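**Q** Mind folding the following:
(one chain, ligands or ions: 1)
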Amino acid sequence: MTALRQSPHWQQLTSLAHSLEGQHMRDWFATDPQRTERLSASACGIHLDYSKNRVTDEVLSALYDLAREQGVEAKRDAMFSGDIINHTEQRAVLHTALRNFSGKPVMVDGQDVMPEVLATQDKIRDFTHSIHQGKRLGYTGKPLTHIVAVGIGGSFLGPKIMSEALKPYWVDGVNVHYVANVDGCHIHDVLAGLDHEQTLVVMSSKSFSTQETLQNTLTAKEWFLSAGGSQQDIAKHFIAISSNISAATEFGMAEDNIFPMWDWVGGRYSLWSAIGLPIALTIGYDNYRALLEGAFEMDNHFCSAPLEQNLPVIMAMLGVWYVNFQHAQSHVLLPYYHYLRGFPAYVQQLDMESNGKRIAGSAETVDYATGPVIWGSEGTNGQHSFHQLIHQGQVLIPADFMLPLNVPNQNDTHHAMLASNCFGQTQALMQGKTYDECYADLDGKGLDEDTRHSLAMHKTMPGNKPSNTLLFNQLDPKTLGSLVALYEHKVFVQGAIWGVNSFDQWGVELGKVLGNAVLAKLTDSDAPLDFDASTNHLINAFRNANQ
Ligand SMILES: O=P(O)(O)OC[C@H]1O[C@H](O)[C@H](O)[C@@H](O)[C@@H]1O
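**A** Predicted coordinates for the structure are as follows:
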């Protein structure tokens, strides 16, 4: 048994989980009028009501003791200090440096990285202004009004989803289009109808070796040249964001058109770097800066608030409770705000690529659950599809609801309906509806006893289903920055408890290598097939369909 599972507070939580069996949140609310006042916390404009969770004060206390026991605060400080915590890649983890407005240095290998970070922010600012002010023009002198942002994973999700979430802040006259998938349909549909003379391609790839991004950029280059552009015009219409400067220049990117990023910033943590340039182009540099400032405020909260009032710690430890002591295997995000509809997908990469691991420390195979499946979609849509299973299914799925209390284009009727659905769902999940209540509802319906009993059984809602509700006044850039940093630090705390390396992603490598070997057989139809029978069979099917 691993040391974690033998730890005193893990053992205490295991016995507490047994002692809570048969108890129901409904009863805790009935006997404890101060429950919600006590189990709520606020920071950076975000209010967290976590009272609809299957926890008592004793459970919460044991969870915070577990966090202390596992050295979460010291591990946090090590991250912010630039220690080499990504030990399998021998790298520091310093996405926090990208939004460090403290004026203090951040040291990596004995060198303060802040001057380069700040210089890059200035480069982003100046470039953004040059586009918005019509100073940077295409090769025929036309303004660049269409931005094609090419990237995938962390080089796509952050820019796209943050831009989508901040639609009320979009700058007029600049249209940003995102391309990620190597499926040619995507780049084809984006480029169709664009005027190459007014199009800027922003190629984002930290490694500058990702197949999809390279191919999409090549296709965009071919499109530009076939539309009338020439090789010397490329520099006016193609820029790159990468940590691999040599590969970018070899690809044909002009050195001055390359925005740097650094190895100590993970892809899924990189929207705060120049990877965020499409965001700045979409909402303007000042709003992009506010996004970073919101994250900085959450960093300060995470580094200073007592664990019991620390939003990332509270959410992280509740997640540990469900994953490790309540057998939950997934966690659903339900943003009740149309513009935040992409947020579950963003957190999906952030969480699952960070904590979807099975080795702790240097080489120990874990004997406990680690990262859950993260999924979700905008409310109220989910209520008409998967909420059924969350209410009456056989698996426990903790939920994070989030709602802005004010929205742009405010329509009081619509917004009240949205909020009432959000709050009503958390209430239904918590209190459910008993058999007796369902049975009584069926009185006077002319049903025989067996039918009435059966229907009451099918209508019973067990309740005791946990949820967090996050409220914020409005989703402005600063609040969004704080919200994203909140989830980044939640993921960090859980990784620290489980002892996994939340900052590498070796699991994505094998598929890429095998995919390239298959590609060679698809592009050479005479090449002998020496894979497993299924893969050979699939390759033959593709060959036959594309003869
Ligand atoms: O930015 P790139 O180097 O092109 O990488 C893009 C993506 O590729 C990989 O799949 C990683 O798992 C992601 O974390 C990364 O964001």
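
**Q** where do the helices sit along the stretch 251-400 of the chain?
**A** Here the stretch 251-400 of the chain has its helices, by DSSP state H, counting those that start in this stretch, at 277-283, 285-304, 311-325, 343-355, 387-392.

**Q** looking at these, which is buried most?
**A** With neighbours taken as mean count of other CB atoms under 10 Å, the helices of the stretch 251-400 of the chain reach their highest mean count in helix 277-283, at a mean of 27. Bear in mind the C-beta positions are built from the backbone N, C-alpha and C, glycine included.

**Q** one step back: next, format the helices of the stretch 251-400 of the chain as TSV and append mean pLDDT.
**A** Shown next, in TSV, are the helices of the stretch 251-400 of the chain (pLDDT from 0 to 100):
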stretch	mean pLDDT
helix 277-283	98
helix 285-304	98
helix 311-325	99
helix 343-355	98
helix 387-392	98
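
**Q** Columns distance to the ligand on top of the ones you listed, output as CSV?
**A** Converted to CSV, the helices of the stretch 251-400 of the chain look like this (distance: least, CB to the nearest ligand atom, whole Å):
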stretch, distance to the ligand
helix 277-283, 13
helix 285-304, 18
helix 311-325, 21
helix 343-355, 6
helix 387-392, 29
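
**Q** Ok, which of those comes nearest residue 409?
**A** In terms of CB to CB, the element of the helices of the stretch 251-400 of the chain nearest to residue 409 is helix 277-283, at 16.9 Å.

**Q** Show me which residues of the protein sit near the ligand.
**A** Within reach of the ligand by CB under 6 Å from any ligand atom, the chain has these residues: 152-155, 205-207, 210, 213, 267-268, 353, 505, 508.

**Q** In those, which residue is surrounded by the most others?
**A** The most crowded member of the residues of the chain next to the ligand is residue 155, carrying 30 neighbours; neighbours defined as other CB atoms under 10 Å.

**Q** so what's the residue of the stretch 251-400 of the chain found nearest the ligand up against?
**A** The minimum distance from the stretch 251-400 of the chain to the ligand, using CB to the nearest ligand atom, falls at residue 267 (2.6 Å). Applying CB atoms under 8 Å, 6 or more residues apart in numbering, we find residue 267 in contact with 153, 154, 155, 206, 505.

**Q** before we move on, back to that, nearest approach to residue 89 belongs to which of the helices of the stretch 251-400 of the chain?
**A** Nearest of these (CB to CB): helix 343-355, 13.4 Å.

**Q** which other residues reach that closest one?
**A** 153-154, 157-158, 161-162, 165, 268-269, 331-335, 370-377, 402, 484, 487-488, 491, 494-495, 498, 500, 502-503, 505, 508.

**Q** The same query, at a cut-off of 6 Å, please.
**A** Helix 343-355 is touched from outside by 157, 161, 268, 333, 335, 370-371, 374, 376, 487, 491, 494-495, 500, 502, 505, with contacts defined as CB atoms under 6 Å, 6 or more residues apart in numbering.

**Q** what does stretch 372-383 give?
**A** Under CB under 6 Å, 6+ apart, the answer for stretch 372-383 is 323, 329-336, 338, 341, 344, 347-348, 351-352, 421-422.

**Q** ok so residue 65 is a helix residue?
**A** Yes. When DSSP: H, G, I helix; E, B strand; the rest coil is applied, residue 65 is found to be in a helix.

**Q** pLDDT wise, what is it at?
**A** Residue 65 is assigned 98 on the pLDDT scale.

**Q** List the contacts of the closest residue to it other than its chain neighbours.
**A** Excluding the flanking residues, the one nearest residue 65 by CB to CB, 6 or more residues apart in numbering is residue 9, at 4.5 Å. Going by CB under 6 Å, 6+ apart, residue 9 touches 62, 65, 66, 69.

**Q** Counting neighbours, which of these comes out on top?
**A** Of all those, the highest neighbour tally under other CB under 10 Å goes to residue 62, namely 25 neighbours.

**Q** mind checking how far stretch 540-547 is from the chain centre?
**A** Counting by CA atoms, centre = their mean, to the nearest Å, stretch 540-547 is centred 37 Å from the centre of its parent chain.

**Q** Okay then, goodbye and thanks.
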